[in-house]
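# heads up, no residue letters with this:
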């Protein structure tokens, strides 16, 4: 008769030990990521790309009846070819544009300053100066920096680091596409045996949400880039419309702050090239229409309920991720919040949201 209480006590003790073990594992992983956050970016980019492309690999392997590794290599080579084509088409024009801007840097700085300060002298820090003098001083200081040995070494180091990071990302993408299932199994093995069913349930429930989020973000980036090019290049006829449009799309990855940055940068370019008040008003109309189309039409359409997180939580996750883990933390802040939301729902055995409840009801019907 006394065996049951002892058995219950042992079960509760084992459960508490496993809970402590899981918390220690999670803490150790976060600490490790914090310590190595400088090298996390290629792993994060390759991991997200592999996560999105894995269903394509599975379908290709099933449709062609080829080994999964062969299908993964085929998808990887296709992606690498598309990237190489984009680099071939875009990078030379960007370099030539950058060289032209560098040759005319003083006028690029001087024009917006002259519109803001006027063409005459103004008092700045107690001394009279003009927009042309400020621009000349800025260009002179920049030349001194570039001509210094430290600046050249920094530029060469940055170029080498960017090239190495790009090649490392491609290499990791190939490995993740081929052995992604083994990696997931290894992650699951980190947790105590009694927690593995819960962790597996979290992975199953989180996968469609994260997949729709990542694909939705990619579609938003593509739409924002194309729409920005139409607005900036064809409608407003601004110089450097292509890089500005690409920057607009890329910054859509960053919640809240990214759109503000892209609007500010494109706004400065529009102000610099503005010829009348109508030019400024046209840019305001463009920026408003772009924001409304993304926030009210494209975003809800492609993301649906996948990224439904309260705006204050979005800002908090965005800032915490950036402070702790840098750019990878910024990119993965919202997916981490969504995963935590799914994990808590799985542990508490509750639906993730009313959207998921309605979906299950429709499936049962």
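Looks like it arrived, so ask away. On a predicted model such as this, the values are computed, not experimentally measured, just so you know.

# show me where the stretch 151-300 of the chain has helices.
196-229, 241-251, 257-273, 277-292, 299-303 (DSSP state H, counting those that start in this stretch).

# and the fourth one with helix 241-251, angle?
Inter-element angle recorded for helix 277-292 and helix 241-251: 30 degrees (by axes from the mean of the first three to the mean of the last three C-alpha atoms, to 10 degrees).

# Buried residues, helix 277-292. List them.
Neighbour counts over helix 277-292 (16 or more other C-beta atoms under 10 Å) mark 282, 283, 286, 287, 290 as buried. No exception for glycine: its C-beta is placed from N, CA and C like everyone else's.

# Let me have those residues in a markdown table, extended by distance to residue 140.
Below are the buried residues of helix 277-292 laid out as a markdown table (distance: C-beta to C-beta, whole Å):
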| residue | distance to residue 140 |
| --- | --- |
| 282 | 35 |
| 283 | 31 |
| 286 | 35 |
| 287 | 34 |
| 290 | 37 |
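
# nearest to residue 131, of the helices of the stretch 151-300 of the chain?
With C-beta to C-beta as the measure, helix 257-273 is the member of the helices of the stretch 151-300 of the chain nearest residue 131 (12.0 Å).

# on contacts alone, who are the packing partners of that closest one?
Helices and strands touching helix 257-273, by 3 or more C-beta pairs under 8 Å, 6 or more residues apart in numbering; DSSP states H and E, are helix 105-117, helix 241-251, helix 277-292.

# chain center to the last one, what's the gap?
What it means is helix 277-292. Offset of helix 277-292 from its chain centre (C-alpha atoms, centre = their mean, to the nearest Å): 26 Å.

# Can you tell me which helices and strands that helix packs against?
By 3+ C-beta pairs under 8 Å, 6+ apart, helix 277-292 packs against helix 196-229, helix 257-273.

# of the ones you listed, which approaches residue 294 most closely?
So among these, helix 196-229 is nearest, using C-beta to C-beta, at 6.1 Å.

# Go through that closest one and flag the buried ones.
So, applying 16+ other C-beta under 10 Å, buried residues of helix 196-229: 199, 201-203, 205-206, 209-210, 212-218, 220-221, 223-225, 227-229.

# Now tabulate the helices and strands packed on helix 277-292 in CSV and tack on distance to residue 36 and mean pLDDT.
Formatted as CSV, the helices and strands packed on helix 277-292 follow (distance: least, C-beta to C-beta, whole Å; pLDDT from 0 to 100):
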stretch, distance to residue 36, mean pLDDT
helix 196-229, 23, 86
helix 257-273, 25, 78
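
# Let's have those in JSON lines, adding distance to residue 160.
Listed next are the helices and strands packed on helix 277-292 as JSON lines, based on distance: least, C-beta to C-beta, whole Å:
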{"stretch": "helix 196-229", "distance to residue 160": "27"}
{"stretch": "helix 257-273", "distance to residue 160": "27"}
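
# Check what contacts stretch 167-186 and list those residues.
42-43, 45-47, 49-51, 53-54, 57, 68-69, 72-73, 75-76, 79-80, 83, 203 (C-beta atoms under 8 Å, 6 or more residues apart in numbering).

# out of those, which are inside helices?
For the contacts of stretch 167-186, the ones inside helices are 42-43, 45-47, 49-51, 53-54, 57, 68-69, 72-73, 75-76, 79-80, 83, 203, with DSSP state H as the criterion.

# Please indicate which of the contacts of stretch 167-186 are buried?
42-43, 45-47, 49-51, 53-54, 57, 68, 72-73, 75-76, 79, 203.

# Quick check: residue 190 vs residue 93, distance?
In this view, residue 190 and residue 93 are 47 Å apart by C-beta to C-beta, to the nearest Å.

# Just want to know which of the two has more residues nearby.
Neighbour totals were compared for residue 190 and residue 93, and residue 190 leads with 15 against 11 (other C-beta atoms under 10 Å).

# my guess is the more buried one contacts residue 25, does it?
Yes - counting by C-beta atoms under 8 Å, residue 190 touches residue 25, with 5.7 Å between them.

# next one: the helix or strand encompassing residue 140 to chain centre, how far?
Using DSSP states H and E, residue 140 sits within helix 131-147. Centroid displacement of helix 131-147 relative to its chain, using C-alpha atoms, centre = their mean, is 34 Å.
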